[in-house]
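1. Okay, here's the prediction I keep looking at, along with the sequence it came from:
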There are 2 protein chains.
Amino acid sequence: MFFTSAGMRFELTLLGTNSALPAFGRFPSSQALNIQENHYLIDCGEGAQIRMSEFGVRRSRIRQVFISHLHGDHVYGLAGFLSSLAMLGRQEPMEVFSPFGLEEAMRVLFKHTGGLSYPLNFHVIDPERHQLIFEDGHVEVYSLPLLHRVPASGFLFKEKERPRNMRPDKIEAYNIHYRHIPAIKAGADFELADGARVPNEELTIPPPPPRSYAYCSDTAFNERLVSMIEGVNLLYHESTFCEDMREHAALTGHSTARQAATIAKLAGAGRLILGHYSSRYQDLGRFLKEAREVFPDTELGIDGKVFEAPLEKKV
Amino acid sequence: MFFTSAGMRFELTLLGTNSALPAFGRFPSSQALNIQENHYLIDCGEGAQIRMSEFGVRRSRIRQVFISHLHGDHVYGLAGFLSSLAMLGRQEPMEVFSPFGLEEAMRVLFKHTGGLSYPLNFHVIDPERHQLIFEDGHVEVYSLPLLHRVPASGFLFKEKERPRNMRPDKIEAYNIHYRHIPAIKAGADFELADGARVPNEELTIPPPPPRSYAYCSDTAFNERLVSMIEGVNLLYHESTFCEDMREHAALTGHSTARQAATIAKLAGAGRLILGHYSSRYQDLGRFLKEAREVFPDTELGIDGKVFEAPLEKKV
């Protein structure tokens, strides 16, 4: 059984799905990820803030930005996005995670174009390592080493394990006061008035399994990713080219749609989303066809499309 | 009588007409000016290159960029525009004119995000002075001191005087060989076989009057502009606000629609184009109404709209 309520959302909005040169109405790379109303921005190509207004992404809610690498099509929208937040009066700090160099570029730019109204904190990530780079109460974010022409890191977002769920029928049956509930949800047994213990397993059900999302762009075909993203619910894997350009893809540090599908299949992903299309392709049908031959649960990433990972409720 | 052929064009394409925060489908400031197939870019807000593809502006033809001031909404599209040209294999140099600071900001950004394939030359303009800052075979460009919160310069584009036009009937009447025509167009008389002279005024007609375009954004109401742009054919004057925000306009270094119209009227402009609208206004009808009360030949600047200054042929 699946359900999603606002507080349970795990929702990815694609803001831009084209590669280097914006074309055919496709903007450069950017995505907004909403996990339980915590909002994260992944890459910030030119026009990302314009897409946010168009697609109803509440930009002021974003507190962390994750930049995969310092090619312009992944980062030239950052200054505009950050400046607009300042114009809207933001006070809250913004945390930016990226490979080395972004801080100097942004600070010099803002020196000349005007400062921000809030603290901007940069965190350098090591694109050679797969490690925890950020966590909050709901999520852990891991870097994913990619194979590109410049240092590049993907990102794996993993929901944290939730507490167990209380069974409403048992609250009634044992007349459990609400003050005991947090302890029971955390795993405690319940002691009845006569001293008998009701074991936790009888009172609770396990929480829904945590959901996960992996962003892998830009990268050549890289089997090392497979073990790092095993069983991921949603996988965005770049497919700059189709198989007709397989050699060119390898030379430029990119993947074909078939290669993206191969990674999804090997990793046992729940669903694959394609994107980062080269401007040489107007029609995207062949990307989908090529990938689905290897991994049927593939969808085309399109600007404005929203993908959800529903919560799987164990009953 | 008016006519316009491709080689005679004087055509302004609006790429973005909103102020700081992009909103309601309006991008930040940017314009492409085509004067006799010479292409100039004026300001380059975020998404300018995306608008160029949408509106059919041939970006590779642009050789000069004029940046009015270093606020993000006038310059955050520059890195993307310049990078895309490099990806398209440009070799030809690009000249960028702006107040001080842009060169350092762009060079540090490109240091981290990758270099360009062509020479990028920066020219610092003095926003306090009204002077010639660029000329080529067809046009002269003058700076226009503006009143803003940071150093800001408008731009006046003036076509150069053309040579006089040969009268076809006179070529036939006097049997004039084509090798004499350039000299006659430049002003020479023609000597007949019997030694008699036909005066130039009989052989030629005066050229069409040169056309002009003035870009005034961002600025508070500034009567000093009037004498500098007197008789301009097309005037773009910012109108960030309507009269309801007149005081706020002055405080922030901006103008109201009525003030823009007042400048147009005092300068005897041919036509006024409004733009740089604040995101607090979704409906632009009141801008137009307010301005037309003062200056009837006013049009709303809208992303994608094209304005022409037709060639006035004297017959």
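-> Perfect, thanks for sending it.

2. So what's the residue count around the closest residue to A:Gly16 other than its chain neighbours?
-> With sequence-adjacent residues excluded and distances taken as C-beta to C-beta, 6 or more residues apart in numbering or on different chains, A:Gly16 is closest to A:Phe27, at 3.3 Å. Heads up, the C-betas are built off the backbone N, CA and C, glycines and all. Residues lying near A:Phe27 (other C-beta atoms under 10 Å in any protein chain shown) number 25.

3. In the stretch 201-315 of chain A, what residue comes closest to chain B?
-> A:Ser279 (9.1 Å; C-beta to the nearest C-beta).

4. Does that residue touch A:Gly25 like I think?
-> No - with contact defined as C-beta atoms under 8 Å, A:Ser279 does not count as touching A:Gly25 (11.5 Å).

5. quick revisit: any idea how far A:Gln259 is from the closest residue to the residue of the stretch 201-315 of chain A closest to chain B other than its chain neighbours?
-> Spatial nearest neighbour of A:Ser279, chain neighbours left out: A:Ala23 (3.9 Å); criterion: C-beta to C-beta, 6+ apart. Noted for A:Ala23: a distance of 22 Å to A:Gln259, by C-beta to C-beta, to the nearest Å.

6. Comparing those two, which residue is more hemmed in?
-> Applying other C-beta under 10 Å to A:Ala23 and A:Gln259 shows that A:Gln259 carries more neighbours, namely 26 against 19.

7. mind listing what that one touches?
-> For A:Gln259, the contact set (C-beta atoms under 8 Å, 6 or more residues apart in numbering or on different chains) comprises A:Phe221, A:Ser239, A:Arg246, A:Ala249.

8. And the helices in chain A, which stretches?
-> A:48-55, A:78-87, A:102-113, A:168-174, A:181-185, A:200-203, A:225-228, A:246-252, A:257-267, A:285-294 (DSSP state H).

9. any chance of these in a markdown table, with mean pLDDT too?
-> Below are those laid out as a markdown table (pLDDT from 0 to 100):
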| stretch | mean pLDDT |
| --- | --- |
| helix A:48-55 | 96 |
| helix A:78-87 | 97 |
| helix A:102-113 | 97 |
| helix A:168-174 | 93 |
| helix A:181-185 | 93 |
| helix A:200-203 | 95 |
| helix A:225-228 | 98 |
| helix A:246-252 | 97 |
| helix A:257-267 | 98 |
| helix A:285-294 | 98 |
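
10. among those, which is nearest B:Phe134?
-> B:Phe134 lies closest to helix A:102-113 among these, at 21.8 Å (C-beta to C-beta).

11. who does that closest one touch, helix- and strand-wise?
-> helix A:78-87, strand A:94-98, strand A:120-124, helix B:102-113 (3 or more C-beta pairs under 8 Å, 6 or more residues apart in numbering or on different chains; DSSP states H and E).

12. how about the CA coordinates for the second one, as CSV?
-> Right, the one you point to is strand A:94-98. As requested, the backbone C-alpha atoms of strand A:94-98 are provided in CSV (Å, rounded to 0.1, in the frame of the first residue of the first chain):
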residue,chain,number,x,y,z
MET,A,94,22.5,29.1,2.9
GLU,A,95,24.9,26.2,2.7
VAL,A,96,26.5,25.4,-0.6
PHE,A,97,28.3,22.1,-1.2
SER,A,98,30.6,21.8,-4.3
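
13. now check it, is it near chain B?
-> No - applying C-beta under 8 Å from any C-beta of the partner chain, one finds strand A:94-98 out of contact with chain B, separated by at least 9.9 Å.

14. Check the average confidence over that strand, would you?
-> Over the span of strand A:94-98, the pLDDT mean works out to 98.

15. contacting residues around that strand?
-> Contacts for strand A:94-98 (C-beta under 8 Å, 6+ apart): A:62-70, A:75, A:78, A:82, A:85, A:102-103, A:106, A:118-125, A:133-134, A:141.

16. which of the contacts of A:Gln259 tops the neighbour count?
-> A:Ser239 (33 neighbours).

17. That one contacts A:Lys289, doesn't it?
-> No - at 11.9 Å, A:Ser239 does not count as touching A:Lys289 under the criterion of C-beta under 8 Å.

18. the domain parsing of chain A - what is it?
-> Split into domains by automatic domain parsing, chain A comes to A:2-162+A:207-312, A:165-204.

19. Show me which of those domains has the highest average neighbour count.
-> domain A:2-162+A:207-312 (a mean of 20; mean count of other C-beta atoms under 10 Å in any protein chain shown).

20. residues contacting the closest residue to A:His74 other than its chain neighbours?
-> Closest residue to A:His74 apart from its sequence neighbours, by C-beta to C-beta, 6+ apart: A:Asp43 at 4.4 Å. Taking C-beta under 8 Å, 6+ apart as the criterion, A:Asp43 is in contact with A:Ser29, A:Ser30, A:Gln31, A:Phe66, A:Ile67, A:Ser68, A:His74, A:Val75, A:Tyr215, A:Ser217.

21. which one of these is nearest A:Glu54?
-> A:Ser30 (12.0 Å).

22. any idea how far the closest one lies from A:Arg149?
-> Taking C-beta to C-beta, one finds A:Ser30 at 20 Å from A:Arg149.

23. A:Val65 now?
-> Taking C-beta to C-beta, one finds A:Val65 at 22 Å from A:Arg149.

24. Quick check: end-to-end length of stretch A:60-79?
-> 15 Å (C-alpha to C-alpha, to the nearest Å).

25. so how far is it off the chain centroid?
-> 13 Å (C-alpha atoms, centre = their mean, to the nearest Å).

26. same check, this time on stretch A:231-241
-> Counting by C-alpha atoms, centre = their mean, stretch A:231-241 comes out at 11 Å from the chain centroid.

27. Is there contact, residue-wise, from it to chain B?
-> No - shown here: stretch A:231-241 not in contact with chain B (C-beta under 8 Å from any C-beta), separated by at least 12.9 Å.

28. what pLDDT, on average, does that stretch get?
-> 98.

29. Just the CA trace of that stretch, in PDB.
-> Once non-C-alpha atoms are left out, stretch A:231-241 reads as follows in PDB (Å, rounded to 0.1, in the frame of the first residue of the first chain):
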ATOM      1  CA  GLY A 231      18.500  -0.400  -4.300                       C
ATOM      2  CA  VAL A 232      18.000   3.300  -4.700                       C
ATOM      3  CA  ASN A 233      14.300   4.300  -5.200                       C
ATOM      4  CA  LEU A 234      14.800   7.000  -7.800                       C
ATOM      5  CA  LEU A 235      17.900   7.400 -10.000                       C
ATOM      6  CA  TYR A 236      18.600  10.300 -12.200                       C
ATOM      7  CA  HIS A 237      21.500   9.300 -14.500                       C
ATOM      8  CA  GLU A 238      22.700  11.600 -17.300                       C
ATOM      9  CA  SER A 239      22.200  10.400 -20.800                       C
ATOM     10  CA  THR A 240      23.800  13.100 -22.900                       C
ATOM     11  CA  PHE A 241      23.900  10.900 -26.000                       C
END
